[in-house]
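Visitor: got a predicted structure here, sequence first:
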Amino acid sequence: MIMKEDAAELYRQREKRVNDAIALKVPDRVPIEVLFGFLPAKYSGMTIEEVMYDPDKLFDAQLKVLLEFQPDMDQAPFAIRFLGPLLEALDFKQLKWPGHGMTTDHTYQFVEGEYMTADEYDHFLLDPSDFMVRKYWPRVCGNLKGFEKLGPLHGVITYYMGFNLSIAPFSLPEVAEALAAMQKAAAEAGRIAAHSRRYTQKAREEGFPMQTGAFTQAPFDTLGDFFRGTKGLMLDMYRRPDKVIKACEKLLPIMFETAINATRMSGNPRVFIPIHKGLDGFMSEEQFKRFFWPTLQELMQALIKEGCNPCPLWEGDCTSRLAIIKDIPAGKACYAFEATDMLKAKEVLRETVCIRGNVPLSILVAGSPNDVRAYCKNLIDVCGKDGGFVMDSATGLDDAKPENVKALFEFTREYGVY
Amino acid sequence: MAYNRQKETLFTSFFLAVAIENLPEVLSMDSKLVHLMADLKEKETIALVKDLIKEGTDPAEILDAARAAMELVGKRFEKEEYFIPDLVMAGEIMKGISEVVMPLLKKGEASIKKGKVLIGTVAGDIHDIGKDIVTFMLDVSGYDVLDLGIDVPVSTFVEKTREFQPRVVGLSGFLTLAFDSMKKTVEALEEAGLRNRVKVMIGGGQIDDEVRRYVRADAYGKDAVAAVNLCRQWIGG
């Protein structure tokens, strides 16, 4: 790999800056990382649709904001932005995106639903893969509908058990169509991976490491986001609490495996974990302790044991959860917060977890550069004291004003020097 | 929480329910149905409702008791004893009761509404959970709510404001793109000469006072109970 010498040095410094913060040491200055979201498209005068379908445009747009704003770490955007062709190959139903339910300049959005019904817990618990292939995939991917015709996959055992009856449905035309769609999707997935590698390489040559090398979720969130829906899972906590807990336990090793495989491929130990449904207001403390936290805690502990750094983004306000989520090995994780009280977060987590956040999008979209600087100053004064802090916006920058983003970066670099 | 669970007649709950807002809270809890529902005991509540119907209880009384229970649920939510899943569960119980009771109601027995509220998720945003909870809470609190759904174009808000003549317009949005949609909706109401006839409240994930100023709404609410309280303040009831 050809790497400019100063870029190599910058790469090393940036990696050290963030890792020092995670290890609760004092870096040379407050590190700054953001989730650019769809800001790069707007910044380059492109539509959301263009960057979702044209990987070269996405590459250029992302690189432009990277070089312009110089965050300490970046994100390869392809796996969560260059999605158009893959989603089309599958006729994906869980998202609306430009040209598919959204206008060309609106971000893609998730379509809530009960993609697993309440009476399907037992199938899921018996064999999640079989449930997903035959029930879940056909519901979330129109072009995989044919898999509904398959028999139980775990029934294909040997020449006199399953080979005849359970293999037979693969000859059905609907199944053949679904398999063809799968292959088409596989080719698109391959393109996404290739562009991600190309981007990661380019960023490295410019001196920028990637924020995270893997993605996973809290088991409860996975169950709620993709299978039962927010409302369905909320009701399940009252109507079938034991099944909820069993399903989370079933998902735990799957969520671990998802993360660990990706960190091994990327060689990057930092694992991004967006937290959706455990926030204040979304359940009581008792429910949090019973349904949400145990499997998330175990997931993070298992990742730490493997040398990884769990990096959850606690969306919404999680102030009331701080004392509970404090309970993980010290200096290994980084908690990003959206609307949590950062002063309290620093107080409670000071000796355990690096905190990251949280310039509100309301300021970045509707406020002025002076508002941004005032908020950042307070954050650095309060949370940046003694290290263990990473500056970030509260959530993805999508619609933030460029002059406000500029103020965020410039102020942090100047004022955040230790 | 130690409630007095001695008196078990619906009779009591009915009279308390009609006058609930004027009575001390402790009295309003003296009913088995109100208690069961407010404690979110779904199966027991529905079973009791069915028993009461069999015994010949007036379905309108049952509905009033259910509304009284929702009042309690709302109060517990305000006190942070209850959270969103509790509101959703209470909504399901309310739905279950309505399914049993509504077909039995005589025409014209549906209660008189306190005032009209128009609500919807603004253009470009398809999030509905928060808005649905607000709609439900306003509905059970006695307001006549017209819910326009999600991704509602600016022109639809204007048109429906003209037609439906609400006292309050509620704009919901989860994403940052909603800020501009809200702003445009408020501007369109101004241009149509409708702005001074309505109060505009906004709510959703990123919404705070900064956004309220940007959008030029009258108020923002952090949750469904806040929305109900804003309507009470503006419309009364």
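Guide: Thanks, I have the structure now.
Visitor: for the lengthiest helix in chain B, name the packing helices and strands.
Guide: Assignment by DSSP state H gives helix B:59-78 as the longest helix of chain B. Here helix B:59-78 touches helix B:10-18, helix B:25-28, helix B:32-38, helix B:42-54, helix B:84-101, helix B:129-140, helix B:224-235, going by 3 or more C-beta pairs under 8 Å, 6 or more residues apart in numbering or on different chains; DSSP states H and E. No exception for glycine: its C-beta is placed from N, CA and C like everyone else's.
Visitor: hang on, B:L171 in a strand?
Guide: Yes - assessed with DSSP: H, G, I helix; E, B strand; the rest coil, B:L171 lies in a strand.
Visitor: what's the local residue count around A:E114?
Guide: 15 (other C-beta atoms under 10 Å in any protein chain shown).
Visitor: tell me if I'm right that A:A61 and A:G45 touch.
Guide: No - using C-beta atoms under 8 Å, A:A61 is not in contact with A:G45, being 9.1 Å away.
Visitor: test of understanding: give the bridge partners of A:R356.
Guide: Counting by DSSP bridges, A:R356 is bridged to A:A336, A:V390.
Visitor: can you tell me if stretch B:197-212 touches chain A.
Guide: Yes - residues of stretch B:197-212 contacting chain A under C-beta under 8 Å from any C-beta of the partner chain: B:G205, B:Q206, B:I207, B:D208, B:E210, B:V211.
Visitor: picking that back up, A:A61 and A:G45 - which one has more neighbours?
Guide: Applying other C-beta under 10 Å to A:A61 and A:G45 shows that A:A61 carries more neighbours, namely 25 against 8.
Visitor: residues contacting the more buried one?
Guide: A:P40, A:A41, A:Y43, A:S44, A:M46, A:V51 (C-beta atoms under 8 Å, 6 or more residues apart in numbering or on different chains).
Visitor: I'd like those residues laid out as TSV, including secondary structure, neighbour count and distance to chain B.
Guide: Listed next are those as TSV, based on DSSP: H, G, I helix; E, B strand; the rest coil; neighbours: other C-beta atoms under 10 Å in any protein chain shown; distance: C-beta to the nearest C-beta, whole Å:
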residue	secondary structure	neighbour count	distance to chain B
A:P40	helix	25	15
A:A41	helix	26	13
A:Y43	helix	19	15
A:S44	coil	17	18
A:M46	coil	18	16
A:V51	helix	28	15
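Visitor: got those as a markdown table, with pLDDT columns?
Guide: Formatted as a markdown table, those follow (pLDDT from 0 to 100):
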| residue | pLDDT |
| --- | --- |
| A:P40 | 97 |
| A:A41 | 96 |
| A:Y43 | 95 |
| A:S44 | 97 |
| A:M46 | 97 |
| A:V51 | 97 |
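Visitor: which one of these is nearest A:I304?
Guide: Relative to A:I304, the closest of the contacts of A:A61 is A:P40; by C-beta to C-beta it sits at 32.2 Å.
Visitor: for A:E50, see how far away that closest one is.
Guide: 11 Å (C-beta to C-beta, to the nearest Å).
Visitor: quick one: low-confidence ranges for chain A?
Guide: Residue ranges of chain A with pLDDT under 70: A:1-4.
Visitor: how about the residues of it near chain B?
Guide: Counting by C-beta under 8 Å from any C-beta, the residues of chain A near chain B are A:96, A:101-103, A:106-107, A:109, A:111-112, A:230-231, A:234-235, A:237-239, A:281-284, A:287, A:316, A:360-363, A:365-367, A:371, A:394-395, A:398-400.
Visitor: with adjacent residues omitted, what lies nearest to residue 222?
Guide: In the absence of a named chain, this looks at chain A. Spatial nearest neighbour of A:T222, excluding adjacent residues (C-beta to C-beta, 6 or more residues apart in numbering or on different chains): A:L251 at 5.4 Å.
Visitor: sorry, should have said chain B
Guide: B:G203 (7.2 Å).
Visitor: repeat for A:V65
Guide: In space, and not counting its chain neighbours, A:V65 is closest to A:P40: 4.7 Å by C-beta to C-beta, 6+ apart.
Visitor: what helix or strand is the closest residue to A:A218 other than its chain neighbours located in?
Guide: Closest residue to A:A218 apart from its sequence neighbours, by C-beta to C-beta, 6+ apart: A:L296 at 4.1 Å. Using DSSP states H and E, A:L296 sits within helix A:293-305.
Visitor: and the following helix or strand past that helix, what's buried?
Guide: The first helix or strand that comes after helix A:293-305 along the chain, using DSSP H and E, is strand A:309-314. Within strand A:309-314, the residues scored as buried using 16 or more other C-beta atoms under 10 Å in any protein chain shown are A:N309, A:P310, A:C311, A:P312, A:L313, A:W314.
Visitor: of those, closest to A:N164?
Guide: Closest to A:N164, out of all of those and judged by C-beta to C-beta, is A:P310, at 46.5 Å.
Visitor: contacting residues around that closest one?
Guide: A:V271, A:I273, A:L299, A:M300, A:L303, A:I304, A:I328, A:K332, A:A333, A:C334.
Visitor: swap the cut-off to 7 Å and go again
Guide: Taking C-beta atoms under 7 Å, 6 or more residues apart in numbering or on different chains, we find A:P310 in contact with A:V271, A:I273, A:M300, A:L303, A:I304, A:A333.
Visitor: quick one: residues contacting the fourth one.
Guide: With contacts defined as C-beta under 7 Å, 6+ apart, A:L303 is in contact with A:F256, A:A259, A:V271, A:P310.
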